[in-house]
Structures are given as structure tokens and as C-alpha cells.
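Q: Give the three-dimensional model of this entry:
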Amino acid sequence: MPERPLRIVIVGGGPVAARLVQELRPALDSGAARVTVLGEEPLPAYQRIRLGDVASGRIDGAELALIDPADGHRDGVEIRCGAAVVSLDRGRRIVTLAGGAEIGYDRLVLATGASAFIPDFPVSGTRGRGISVAAVAGTRPEGVIALRQMQEARRLREAVRAGEPVAVLGGGVLGVEAALALAEVGAEVSLLHRGRTPLGRQLDADAGRLLHRLLVDAGVMVRPDCGIQELVVAARAQDRATDRDGVPYLTALRTTQGRRIPATLLVACTGIRARDELAVAAGLDTLPRGGIVVDRTGRCPADASVFAVGDCAAPLGARPSGLIGPGWEQARAAALALCLEAGHPEALERDAAGRPVAAPPPARPGHRLDPIIVKSHSLSVACAGDPSVDPSLDPWDPRGPHVSTWADPAAGQYLRVVSEGERLVGFVAIGLPRTAAELSRHAGTGTLPVADRSALLAMEHAAGDRELGPEDVLCRCSGATCGQVEEAAADSSTVDEVGRRCGAGTGCGTCRGRISELLADGPVRQRAGSPA
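A: I've put the predicted structure just below:
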């Protein structure tokens, strides 16, 4: 073991950084490594994926904490909140904070995540009794947010409590989730998107139409083929102390369809870009459209002392996925490499006989699919790959793709599975949470869970009449099974402790209620109900 602990500095205080600290626990507990986490936000790491629940008022933001800074110094971890890193010197192995403070490292992990892309819109409005001119390009009125930080979620919660109208821009998974979360608590919400149907890039046409109807049924005013022409603002009273006009705030939107929609908040879910500015300035390899190039362990090819994980990382040159699952896997791979460098090979997972546990075989190139799961309390939607293949081109050609489709629109259920041989090419599952969980598990290896697709539907409906077995998925975000959750719950007293042991409940959070019941009931498997 090295004479002194390996100094690991993590730049970024998000959920992937928290998972990395958790995966480094063996080396931290032995004293082989020490970690300093530098987070730009004033809060320690929290479950960003559940900000919609904070915005809707279901939970308080404090419940989402993933790391307790008060415990850090006692177990080899130092958490610094509000610590913005402005540059890194790879030659001296130093990071510089805003204000000039420098911190040295042996190994540096960039977990800076991604930033929201918000378009600049023309702005018009009134000032006094006159008409104001359009706002200067690059400036935005109060009320335009991206829902990627806690302060934005809390501002949205205030609007919901006050009954203010809210507009969501973007028909991707983040826009659908935000609109659903608000509608589920009775907020007045409009969803504007450019495509014909929400999730148009991920769903086939029939699934998209069903999702549109289900959103409307949930209380979302869906406006397809629609963009924003301009923002309508008003100015607050003049600031007498500075003799300046008040800050303009949002009152409505004018759409490209010529409508005027009242809105005091606009949630822009219009895309993200990897935060790779530090890497670019330091001369590390990055992609033109954003992303720090790393190998399978998260290490930068240009500098063996620097790693990158999460939304800022581009493993093997692939664009960042923006999904939490791949981020967790990257954190585990990087932690294993770091533990080995710290002289702590015991970090390897071992069986009861002490033999290293072999990792599951990786998917063959091009076979892995990253599933997209809509986090919602009222609607189950999951998809992956390309489900839009048209089997009518030549349905009898054995060399072509195999497409299976089942639909019950009245019940809000839809399933489409596309495969080529034994390889899973894509799927869509709406209103079928058990099937969605099963397909999402197999998407990682690009394989089919069963040869007979009708068996998926049989398992879906049978789940309501029997106990969940040890191999049944309880948490679809982490893939944790009922057996794994039971095992973790046996040595835990809270849901968060279960999450730290097996990952369950640390994603979208919809399974946390079931985990609470499991803790209350003891080691008894949960009965009827689908996996979260």
C-alpha cells in the first residue's frame, strides 16, 4: 500500500459524484485514499432526477440528499459546497477555485455534468403605458428556468402553490416528466413541442399518439408542432434606490401558431450540453459537440491522472447519454481503477470463498441500448433503441427485423418489440411497468428476455396475482431485484440505507414507498403490484 493515501479530487457535486464516493468506500475505509468533493451548488449532492417531485410539492428538497457533509471528515471524505473550479493545471496537478485557492491532487475526476441549453427568445412587453423594445439578445426575463437545480424546483413549487400557469417547452423525456409532475398535483400546465407527438424521436407513431392522449387525460394541455415566437413580459416597479426600471418578468407566451398562452414560468427542456470547459482549457480530448473523451475505466487518454464520469464524459468517443444509469456504471468502473491504484485490490467484488466475482459480459459493439424511462407517479413509459421499423415492408422476409406489437388503447397499454435474430433493436412499453422493467434490464446487453414475446404480457398480468419473486425487478432505475432489496433491508433501518447498499430508491424514487413497506413489514416480500 502507498506510504500516504491517494488524494482524489472530484470536481462536481452531483449524483454521479456521490455514487463515485460510495463506490470508493473500500479504499476510504482502509485509509488507502482520501476524497475531496468540490461542488458548485450551495447544497451537497442530491437526487437531481427527482426535482419534479420537489417542484410539484410532493417532497421537500432536503429528502433528496445523497451525501451528508457532516459525516465526511470522519470517513475520509471532505465535501465543499459552493466551490467553483475555474481552472486546472495538469502539470502541477492543481485545481484553482474562484477566489484563487489551490488544491492539489494525485487523481482528478471531472464529474461536472451538463448544462441546460435555453434558446434566446424575442421579448416584448409594457413599461408603464408604453411599449418596451425587445430585450437585448442573451438576456432573459424572470420566470425562464431549466429545472436542473434545487432553487429552480423550489421556485416552481411556489408557482404551483399560488396557482400560477406554467408552460413547459420540449417534448423529450424531461419535458414530459416535468409536465406530468405538475399536472398530477393539479397545476395548470401547457406542453409545447416541435414534433407531432411527445417523445417523437423515441416512439413509433402509434405509441406517440397514445402518449399524447394519456398526457391530455392527465391534465396536460399538449400543443404539438408548436414553438415560441416571443415572450411577453411586464416590468416591476421602478427601483427608487438605483433609479432603474424593475426587472422584467414573464406573463405570457406567443406561440408560432399565433396563440397567446398565459404563463408566469417557462420550463425549458430543450436539451443539454456536456460541461467540458475545464477539460478544453486544459488541453484534454473532447468532442466538438461536447463531451470529455475517456476509455472504459473513465480515464482520459491524454492524461492518466484525470478521469471523467457522468454527463460530461464521452466513453470511447460516444456522445454523453444524459441518463443516470450509464453514469452509475461509469462511476463504478472509475472507482475500481482508482481503488487498485490506491493499493486496495480488495475493492474487487468477491464471493464467499474469496474469489473475484466476474463482471457480466459487456454487450457487443452496437448491441447495447440505453433505456429511457419516464419518471411519473401516474404513467409508465419506457423505450429504447429504434422501435420505428415498419414490418409491412416485407413481413415474411426471415432476414428482416422481427416486429411484435400489442395494443389496448382503451386501457392505455401498448407494447412494441423489434429484434434482429437474438438481438434487441428497440422497444416501447406504455402502461406495462413489469414488461418495461424486464426489457430495460436486457437492453444493457442488447438481448431479448424471452423468445416468445407473448410471455412478457403473461408475466405482466400474472404479477398482480402473486408475490414478487427474488429475481423480479423492484427498482427499474438501478435494476435492483426484490431479493437484493430484501437483503439490503435486513441490515438497514431507512430507505436511504437500502439505497446505499443496493442502489434501489436512488433514481426516480417511485419505488421508495414499496421499500418503506418492506422495512416496516420485515423480510416479507411485497405482494401484488408492479415494479417501480
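Q: How many neighbouring residues does the nearest residue to Val450 once chain neighbours are set aside have?
A: The shortest distance from Val450 to any non-neighbouring residue, by Cβ to Cβ, 6 or more residues apart in numbering, is to Leu456 (6.4 Å). Heads up, the C-betas are built off the backbone N, CA and C, glycines and all. The burial count assigned to Leu456 is 23, neighbours taken as other Cβ atoms under 10 Å.
Q: need the longest helix for this protein.
A: helix 324-341 (DSSP state H).
Q: Downstream of the lowest-mean-pLDDT helix or strand in the chain, the next helix or strand is which one?
A: Least confident element among the helices and strands of the chain, by mean pLDDT, DSSP states H and E: strand 130-132 (a mean of 48). Next along the chain after strand 130-132, taking DSSP states H and E as the criterion, comes strand 144-145.
Q: contacts for that next one?
A: Contacts of strand 144-145 from elsewhere in the structure, counted by Cβ atoms under 8 Å, 6 or more residues apart in numbering, are Ile118, Glu152, Arg155, Leu156, Leu231, Leu250, Leu265, Leu266, Val267, Ala268.
Q: residue ranges with poor pLDDT in the stretch 51-200 of the chain?
A: Applying pLDDT under 70 to the stretch 51-200 of the chain picks out residues 69-74, 126-139.
Q: how does it look with 90?
A: Within the stretch 51-200 of the chain, the segments meeting pLDDT under 90 span 51-53, 56-76, 117, 119-141.
Q: Kindly report the same for the stretch 401-532 of the chain.
A: For the stretch 401-532 of the chain, the stretches with pLDDT under 90 are 401-403, 419-424, 433-532.
Q: show me where it has strands.
A: Assigned by DSSP state E, counting those that start in this stretch, the strands in the stretch 401-532 of the chain fall at 402-408, 413-420, 423-430.
Q: Deepest-packed of the ones you listed, please.
A: Of those, the one with the most neighbours on average (mean count of other Cβ atoms under 10 Å) is strand 423-430, at a mean of 25.
Q: Which strands or helices does that strand pack on?
A: helix 205-217, strand 381-385, strand 413-420, helix 433-443 (3 or more Cβ pairs under 8 Å, 6 or more residues apart in numbering; DSSP states H and E).
Q: Dump the ones you listed into TSV; add distance to Cys511 as well.
A: Output for these, formatted as TSV (distance: least, Cβ to Cβ, whole Å):
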stretch	distance to Cys511
helix 205-217	21
strand 381-385	14
strand 413-420	21
helix 433-443	10
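Q: Quick one: closest of these to Ser321.
A: Each of those has some distance to Ser321 by Cβ to Cβ; the shortest is strand 381-385, at 11.1 Å.
Q: quick one: strands adjacent to that closest one?
A: Strand 381-385 pairs in its sheet with strand 372-374 (antiparallel), strand 423-430 (antiparallel), by DSSP bridges.
Q: Quick check: which of the ones you listed is nearest to Ser516?
A: strand 372-374 (21.0 Å).
Q: and the closest one, what's its mean pLDDT?
A: Averaged across strand 372-374, pLDDT comes to 89.
Q: Give the residue spans of the stretch 251-400 of the chain that score low on pLDDT.
A: For the stretch 251-400 of the chain (pLDDT under 90), the answer is 271, 318-326, 328-329, 343-373, 375-378, 386-400.
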